[in-house]
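> quick one, what's the 3D model for this:
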Amino acid sequence: MDERDLPTGRLGRFARLASTGLRVGVGALLDKDARAAAVHTAEVLGTLRGLAAKVGQMASYVDGVIPEGQREHYEFAMKGLRAATPQSSPAEVRALLAAELGAAPEDLFAEWGAAPIASASIGQVHRARLHDGRAVAVKVQHTGIASAVESDLANGGILTTMASGLGLGRHDPAAVFAVVKARFREELDYRHEAENQRHFAEHFAGDRHIRVPAVVAERSSGRVLTMDFVEGLSFDEAVLAPREQREAWAKTLWRYVFSAILGGGRFNADPHPGNYIFLPYGAVGVLDFGCVQRIPDENRTHARAMHRAAIARDEAAFRAALARMMRAKPGRMEVLCAEYVRVTFRPLFESPFHMTRPYAASLVEGMRHIAKESRGIPEAEFFTMPAEMTFMNRLQFGFYSLLARLDVTVDYAAIQREMLAALPE
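Here you go, the predicted structure:
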């Protein structure tokens, strides 16, 4: 049990963040002892939870965020943060369940695991059993986390960190931050997450390879979310499995992400490795639907056209569809964006494709290049990406980094071709 207090005030949280040497983000670790600095950073970000922990978690698995010479130390230290931030006490959990559901855990459930099986940036998960015998996972929100997140949203340093991680620069900060704030505030409302989870469960109903656990409505509220328990391998265990299994999981993950985008019109913008459970025969259980971005129908139409063009290796059609989706102006900005997005579509243009960590890291570096080069582009040629696409970079960076760790070659175009055949133009 970790009894460290969760600081909720803006100044207190900023002071602890500054103590890591990461005053405006997850840049260079400034301590002479890189391992000690990384451990200190993980401890502080874990204690802060909220968006600060999300920054650390993202840096722990997204290739290209931490400089190469320091990445090994940072990933070692952050592995614990990926799996568990400090926990809420049993007394806090009991009080929350009583406030939200009107009873103690032993009355609400036939069995209740007092020790959490996982703790993350917003809440922690307990294993339990319903009176009808069903095994369930119960996610309860950390006490004080709403105030902590609001402090982070008011903290320019943390928002700058998130912006740099999402690949933003000169682009319309007011519109972008409005989207960022909306998504993270939604994560505090478990009713909203439950609705997202039901949407994904319906979209993948009947799919034997993608399992979205059912929500137990009568044991859920705004700060408690109960769902069927999914048991399987963790991501760290999955990457050690035989190649055939890793290949099957990579195919399932690709289909899950792009079917949700191109077919369902929503995507889960938090590809955290802990949000996936790896099951036999290539099946994957998907958890955590707190951060979900909807895709406007018009953008989905353009995205389908881009994917079809990439599968056909039609460069002109791909460029035209991308320009429509970006609402691009002719000029240097359009060229920069087109070159970058074309690189992100290599898995389709060059399928079968071996996703590697250097390739995943190159995407982060490519976004930094656009941010740097765009500063000098004249206003007549400059344009911003639609604000609602803000979280696509977070998905792209994280998802490709996960696939790279599975370390397999997959015919992604074949998966996409079958998927698109069932969708309208």
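> any chance you could map the strands in this protein?
111-112, 118-119, 123-129, 135-141, 210-211, 224-228, 266-268, 276-278, 284-286, 292-294, 353-354, 409-410 (DSSP state E).
> can you tell me the strand partners of the last one and which way each runs?
What it means is strand 409-410. strand 353-354 (antiparallel) (DSSP bridges).
> who touches the partner strand?
346-347, 407-410, 412 (C-beta atoms under 8 Å, 6 or more residues apart in numbering). C-beta: built from backbone N, CA, C; applies to glycine.
> the strands of the chain: lowest mean pLDDT?
With a mean of 83, strand 118-119 has the lowest mean pLDDT of the strands of the chain.
> helices or strands next to it in the packing?
Identification of packing neighbours for strand 118-119 by 3 or more C-beta pairs under 8 Å, 6 or more residues apart in numbering; DSSP states H and E yields strand 123-129.
> and the strand it packs on, what does it pack onto?
Packed next to strand 123-129, using 3+ C-beta pairs under 8 Å, 6+ apart, are strand 111-112, strand 118-119, strand 135-141.
> and if we set it to 7 Å?
strand 111-112, strand 135-141 (3 or more C-beta pairs under 7 Å, 6 or more residues apart in numbering; DSSP states H and E).
> just the CA trace of the last one, in CSV.
It stands for strand 135-141. Output in CSV follows, covering the C-alpha atoms of strand 135-141 (Å, rounded to 0.1, in the frame of the first residue of the first chain):
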residue,chain,number,x,y,z
ALA,A,135,-16.4,-12.9,-12.5
VAL,A,136,-16.1,-9.1,-13.0
ALA,A,137,-13.6,-6.3,-12.9
VAL,A,138,-14.6,-3.3,-11.0
LYS,A,139,-12.9,0.0,-11.8
VAL,A,140,-13.1,2.7,-9.1
GLN,A,141,-11.9,6.2,-9.5
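> which other helices and strands contact that strand?
On a contact count with 3+ C-beta pairs under 7 Å, 6+ apart, strand 135-141 meets helix 90-101, strand 123-129, strand 224-228.
> repeat the analysis, applying 6 Å as the threshold.
Packing partners of strand 135-141 (3 or more C-beta pairs under 6 Å, 6 or more residues apart in numbering; DSSP states H and E): strand 123-129, strand 224-228.
> let's have those strands in TSV, adding mean neighbour count and distance to residue 247.
Below are the helices and strands packed on strand 135-141 laid out as TSV (neighbours: other C-beta atoms under 10 Å; distance: least, C-beta to C-beta, whole Å):
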stretch	mean neighbour count	distance to residue 247
strand 123-129	22	29
strand 224-228	23	27
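> low-confidence stretches in the stretch 51-200 of the chain?
When residues are selected by pLDDT under 70, those of the stretch 51-200 of the chain lie in 51-62, 64-86, 152, 155-174, 176.
> recalculate using a threshold of 50.
82-84, 162, 164-167 (pLDDT under 50).
> which parts of the stretch 201-350 of the chain are helices?
Under the criterion DSSP state H, counting those that start in this stretch, the stretch 201-350 of the chain contains helices at 235-238, 243-259, 297-312, 315-326, 332-344, 346-349.
> of all the helices and strands packed on strand 135-141, which lies closest to residue 311?
strand 224-228 (35.2 Å; C-beta to C-beta).
> got the contact list for the closest one?
The contact list for strand 224-228 (C-beta atoms under 6 Å, 6 or more residues apart in numbering) reads 100, 136-140, 190, 194, 213-216, 219-220.
> for residue 239, find the nearest of the helices and strands packed on strand 135-141.
strand 123-129 (21.9 Å).
> partner strands of that closest one, parallel or antiparallel?
Partners of strand 123-129, by DSSP bridges, with direction: strand 111-112 (antiparallel), strand 118-119 (antiparallel), strand 135-141 (antiparallel).
> tell me which of those sits most buried.
strand 135-141 (a mean of 22; mean count of other C-beta atoms under 10 Å).
> give the contact list for the spatially most central residue of the chain.
Per C-alpha atoms, centre = their mean, the C-alpha nearest to the average position across the chain is that of residue 270, at 1.4 Å. Contact analysis of residue 270 by C-beta under 6 Å, 6+ apart lists residue 291.
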